[in-house]
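Student: coords please:
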Amino acid sequence: MSSPPSATASYTTYLLPFSARELLHCCQQLPGSALIYSGTSGQQQAARPCWAVLAYAPTRVLSASNDHQWRQLKQALEADQIKAASANPATPDNEGFISGWMGYFSYAAGCWTVAGIHPSDNRSTQSQPPHPLAEFHYYPHSLLLDFAEDTVMLRSPRPCTETECGAILEQLNQARARCITNSNTTDTTDTYQWQPQWDASEYQQAFNQVQNYIVSGDVYQVNLTMPFRCHDNLTAISPAKLLEQFDAPFSCYFRGQSLTLFSVSPERFVKIHQQHMVTSPIKGTSPRGKTASEDLANRQWLADSKKNQAENLMIVDLLRNDLGRSAVTGSVQVEKMFDIESHANVHHMVSTIRAEIKPEISPLEAVLNAFPGGSITGAPKKRAMEIIRELEPDSRGLYCGSFGYFSDQGVADFNILIRSVVATPSGAECWAGGGVVKDSTAAGEYDELFSKVQQLLDTIS
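Tutor: Below you'll find the predicted structure:
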């Protein structure tokens, strides 16, 4: 260790002799690695520095693909949350996770719990098997990557023994060495060919059917999406370039048992701490401009757009209801409406809702009561999800699910899995979508799909 350990009220820290950026670039070399990356895009001003929490070598793994496994996963997560309930309160965002469970709930888990679409009802057109409903890994400690100071801090809820510290240093040195070796031998000229599932005419057909459902009164809005796919194996590539270029506030990376997840999500699904929860749905998008004046005009157009405000309001009302399932009566409050955030590829309209959770409701129950996020389904939620299942070309898998953590420090924090790539040895997929309402146009919505993911696909390629 380059410095002796120091202790806070609830955990011990060790400054390690590594650069934050170099560990970000070799995190894919660590076994079972998981990373949450808190970038600064979307802020009016860079009020806080960029940081990440990296964990690896999980000591327990939970995965659910059927009813029995789903019950087991929930029971295990609930049991550990009871232990965490008396943990010392964490205050800064980068102290939310020191140790605990990190993982994902797939969109399919929401289809099952909300719309009654059983996981065995798989209509995938792809040859690969469906992804798990959920997968979580338990990490007994983590590394804080501080990019402002370029430092790495090992953080553990208990002091590490000399043997444990030595093993951690050895694992990190080995990962760094493999990264250097690979960078000297890998051909970096490879590019990946991504193909959209639908062309414009096929999208038009699905769009028309959504409009028919809207006119008939079934729904007010449906989030219609489609995948882009490539046949290359992207499971071993580094997430660093993607994370750094997008600098998104709710980014993540996860090496699961059968897949690798990359996400530069700009959207928080829900954060829970000390019986308070907050959600920040996105609904409303405009592209970034090619010049400063065009960019400002696009941002102002979004801010003034009555259509996007109406869409956003629909989802705010939906999420007030979703949070209300877990909230103390009268505690659900809309804190912000129609804020505009500027990200690497688009401007977004964002609102914020807060609530106090009932004492008898656990963080896991509160998350699942609101899952999946209303911004990626439509309104009313259940009927919109049924229409999505009918019209979309394939099962969404992890897309529009959530990645996050239940920490031993008593915090839960989950994103919405948009701007995400899910990779397996047989190929990779990246989905894009948008909310269709009565005055939407097929051409405009189809173009928006490419605005949302083209830069992502170009960067990862």
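
Student: For the rest of this, base every contact and every neighbour count on C-alpha atoms.
Tutor: OK.

Student: just how off-centre is whichever helix in the chain runs longest within its chain?
Tutor: Among the segments of the chain that qualify as a helix by DSSP state H, the longest is helix 162-185. Taking Cα atoms, centre = their mean, to the nearest Å, one finds the center of helix 162-185 at 28 Å from the center of the full chain.

Student: Ok, stretch 360-377 next?
Tutor: For stretch 360-377, the separation from the chain centroid amounts to 14 Å (computed by Cα atoms, centre = their mean).

Student: Residues contacting it, please?
Tutor: With Cα atoms under 8 Å, 6 or more residues apart in numbering as the contact definition, stretch 360-377 has outside contacts at 74, 77-78, 81, 107, 110, 114, 222-223, 269-270, 272, 275, 281-283, 315, 318-319, 322-323, 325-326, 357, 381, 384-385, 388, 400-402, 406, 412, 416, 434-435.

Student: can we see that at 7 Å?
Tutor: Identification of contacts with stretch 360-377 by Cα atoms under 7 Å, 6 or more residues apart in numbering yields 78, 107, 110, 222-223, 269, 272, 281-283, 315, 318-319, 322-323, 325-326, 381, 384-385, 400-401, 412.

Student: now the strands for the stretch 251-400 of the chain?
Tutor: For the stretch 251-400 of the chain, the strands defined by DSSP state E, counting those that start in this stretch cover 260-265, 268-273, 276-279, 282-287, 333-342, 346-356, 378-379.

Student: what packs against the second one?
Tutor: If I follow you right, that is strand 268-273. strand 276-279, strand 411-415 (3 or more Cα pairs under 7 Å, 6 or more residues apart in numbering; DSSP states H and E).

Student: among the ones you listed, which is the most enclosed?
Tutor: Greatest average neighbour count among these goes to strand 411-415 (a mean of 26), per mean count of other Cα atoms under 10 Å.

Student: part of a strand, is Thr191?
Tutor: No: the assignment for Thr191 by DSSP: H, G, I helix; E, B strand; the rest coil gives coil, which leaves it out of any strand.

Student: give me every residue that touches it.
Tutor: Contacts of Thr191 by Cα under 7 Å, 6+ apart are Ser461.

Student: give the contact list for Leu143.
Tutor: When contacts are taken as Cα under 7 Å, 6+ apart, Leu143 is in contact with 53-55, 152-155.

Student: Mean confidence (pLDDT) on the next helix or strand after the longest helix of the chain, please.
Tutor: Elements were assigned by DSSP states H and E; along the chain past helix 162-185, the next helix or strand is strand 195-196. Averaged across strand 195-196, pLDDT comes to 95.

Student: What of stretch 308-328?
Tutor: Averaging the model's pLDDT scores along stretch 308-328 yields 92.

Student: quick one: contacts of that stretch?
Tutor: 283-284, 332, 338, 355-358, 361, 366, 369-370, 374-375, 379.

Student: after the helix or strand of the chain at the bottom of the mean pLDDT ranking comes which helix or strand?
Tutor: Of all regular secondary-structure elements in the chain, judged by mean pLDDT, DSSP states H and E, the least confident is strand 6-7 with a mean of 55. Counting by DSSP H and E, the next helix or strand C-terminal to strand 6-7 is strand 12-16.

Student: centre of the chain versus the helix or strand following that following strand, how much separation?
Tutor: Read in the C-terminal direction, the helix or strand following strand 12-16 is helix 20-26, with elements assigned using DSSP H and E. Per Cα atoms, centre = their mean, the displacement of helix 20-26 from the mean C-alpha position of its chain is 20 Å.

Student: List the neighbouring strands of the following helix or strand past helix 20-26 plus their orientation.
Tutor: On the C-terminal side of helix 20-26, the nearest following helix or strand under DSSP H and E is strand 34-38. Applying DSSP bridges to the sheet, strand 34-38 is found paired with strand 51-55 (antiparallel), strand 250-255 (antiparallel).

Student: Low-confidence ranges, the stretch 151-300 of the chain, go.
Tutor: 184-190 (pLDDT under 70).

Student: Specify the beta-bridge partners of Ser420.
Tutor: Under the criterion used (DSSP bridges), Ser420 bridges to Ser263.

Student: how near is it to Leu224?
Tutor: Distance of Ser420 to Leu224, computed by Cα to Cα, to the nearest Å: 16 Å.

Student: same deal with Asp394?
Tutor: Looking at Asp394 against Leu224, where the rule is Cα to Cα, the gap reads 12 Å.

Student: and if you look at Gly116?
Tutor: When Gly116 is compared with Leu224 (using Cα to Cα), they lie 19 Å apart.

Student: So between these two, which is more surrounded?
Tutor: When Gly116 and Leu224 are compared on other Cα atoms under 10 Å, the one with more neighbours turns out to be Leu224, at 26 against 13.

Student: So what angle separates the directions of the host helix or strand of the more buried one and strand 282-287?
Tutor: Assigned by DSSP H and E, Leu224 falls within strand 221-230. Angular relation of strand 221-230 and strand 282-287 on a 0 to 180 degree scale: 60 degrees, by axes from the mean of the first three to the mean of the last three Cα atoms, to 10 degrees.
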